[in-house]
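>>> pasting a predicted model and its sequence here:
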Amino acid sequence: MGNIDSKRKLMMYGGVLGVVGALLALMGNPRNMAICIACFIRDTAGAMKFHQAAVVQYVRPEIVGIVLGAFILSMATREYRSTAGSSPMIRFLLGVIMMIGSLAFLGCPLRMVIRMAAGDLNAYVALIGFGLGTVTGTVALKRGFSLGRAYETRAYSGYILPSFLVVVLIASVATGVMAVSEKGPGSMHAPVLISLAGGLAFGMVSQRCRTCFAGGFRDLFLMRNYDLLTIIGGFFVVMLIYNMASGGFRLSFDGQPVAHSQHLWNILGMYAVGYAAVLAGGCPLRQLILAGQGSSDSAVTFLGLFVGAACCHNFGFAAAAAAAATETSPAVAGGLQGAGKAAVIVCIAVLFVIGFVPRKEQI
């Protein structure tokens, strides 16, 4: 962890991330979504009309802030390094797979921990799949899997994604060209400046302490190193305290907001996410941080996440949230339909091809 040598400091960094998440939830973001990378990329894709799911359309300033925060801090600390060329199309595909798996579960690894801290037992079930996925990815690494070397390129190559996201945010605030949800999760958000500030803080802290949810499990299995898990532990504790204090904690499978109890598909969805994240070198959050630091390869992974979100809602791959019956509508069991289940299975099969089929130089 570089010059961070204290578990207490790592726990503190995780606690700061938890405070940011809790504040965003308090200020209007969905309580058990707070700052979900997959959900927020999906909402942004919807706002840009890449999909037409009306309840999840809103340009999330947090995504812009996370990338900008990593960019600003890496420039200030001279860690910015513009690189590219490490199997970009495979990285794009891994980004698509991470999004399909995330929307099968209804959340990325970050939201999985947020949901766990709210007492959502479905998220604890999904953790099993995520852990197994990271183990499988780690086995592939041990067997020699590599996406190859990235090469230094023009410095301004790494400026493109942060600049593009800033333009998208300005367009969403200053014009009416972006779609905005009138109901559902997309309609729930903190004020723009608070969301942007929260994203900046989250990005800076995550860049500083190298936060990665998949990396935490990978390092545990590969090197018996608990550093990244310590950060996640600090985040979990603060979110747990927030939920306990605000009445948002409910230990149950049923009645959880934007969730479902198809346990097998929660496990398999997060298995695909954990597996793909290890192969790609980082979870969705880590990909945003690396893109902010100048990695065009991670920017390509971000594009994969973005396209994956559009595909999920355009082709019926995303799970539906369970909902209780009301006076005007029947109960909804939620979960994946046939297309989503097939997509998850195909994604897992593709991951085994990517991770374990020998390359020419290995034969």
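In hand now; what should we look at?
>>> and the next element down the chain from the helix or strand hosting residue 228?
When elements are assigned from DSSP states H and E, residue 228 belongs to helix 227-246. Once the chain leaves helix 227-246, the next helix or strand it forms, by DSSP H and E, is helix 263-280.
>>> just the buried residues of that next one, please?
263, 265-280 (16 or more other CB atoms under 10 Å). (Glycine included, C-beta is placed from N, CA and C.)
>>> other SSEs contacting that helix?
With contacts taken as 3 or more CB pairs under 8 Å, 6 or more residues apart in numbering; DSSP states H and E, helix 263-280 sits against helix 88-105, helix 109-117, helix 121-142, helix 213-223, helix 284-292, helix 338-356.
>>> 6 Å instead, please
helix 88-105, helix 121-142, helix 213-223, helix 338-356 (3 or more CB pairs under 6 Å, 6 or more residues apart in numbering; DSSP states H and E).
>>> how about residues contacting that helix?
Contact with helix 263-280 is made by 91, 94, 97-98, 101-102, 104-105, 122, 125-126, 128-130, 132-134, 136-138, 214, 218, 283, 301, 336, 344, 347-348, 351, 355, as judged by CB atoms under 6 Å, 6 or more residues apart in numbering.
>>> cool, stretch 99-111 as well?
36-38, 126, 213, 258-259, 265-266, 269-270, 272-273, 283-285, 305, 308-309, 312, 317-319, 336, 340, 343-344, 347.
>>> so which bits of stretch 67-87 are buried?
So for stretch 67-87, counting by 16+ other CB under 10 Å, buried means 67-74, 80, 82-84, 86-87.
>>> burial count for residue 358?
Neighbour count for residue 358, taken as other CB atoms under 10 Å: 10.
>>> now residue 151. Its backbone dihedrals?
Here is the backbone geometry of residue 151 (degrees, to the nearest 10): phi -110, psi 150.
>>> so it makes contact with residue 82?
No: counting by CB atoms under 6 Å, residue 151 stays clear of residue 82, with 9.9 Å between them.
>>> list the contacts of residue 93.
By CB under 6 Å, 6+ apart, residue 93 has no neighbours at all.
>>> can you give me the pLDDT of it?
Listed pLDDT for residue 93 reads 98.
>>> how close does it sit to residue 33?
When distance is defined by CB to CB, to the nearest Å, residue 93 is 26 Å away from residue 33.
>>> one more: residue 232?
Distance from residue 232 to residue 33, by CB to CB: 17 Å.
>>> go on, residue 148?
35 Å.
>>> of these two, which one has the most company?
residue 33 (25 against 11).
>>> could you verify that the more buried one is part of a strand?
No: if the criterion is DSSP: H, G, I helix; E, B strand; the rest coil, then residue 33 is coil and not within a strand.
>>> would you confirm that residue 87 contacts residue 146?
No: counting by CB under 6 Å, residue 87 stays clear of residue 146, with 8.7 Å between them.
>>> flag the shaky bits of the stretch 251-363 of the chain, pLDDT-wise.
325-327, 359-363 (pLDDT under 70).
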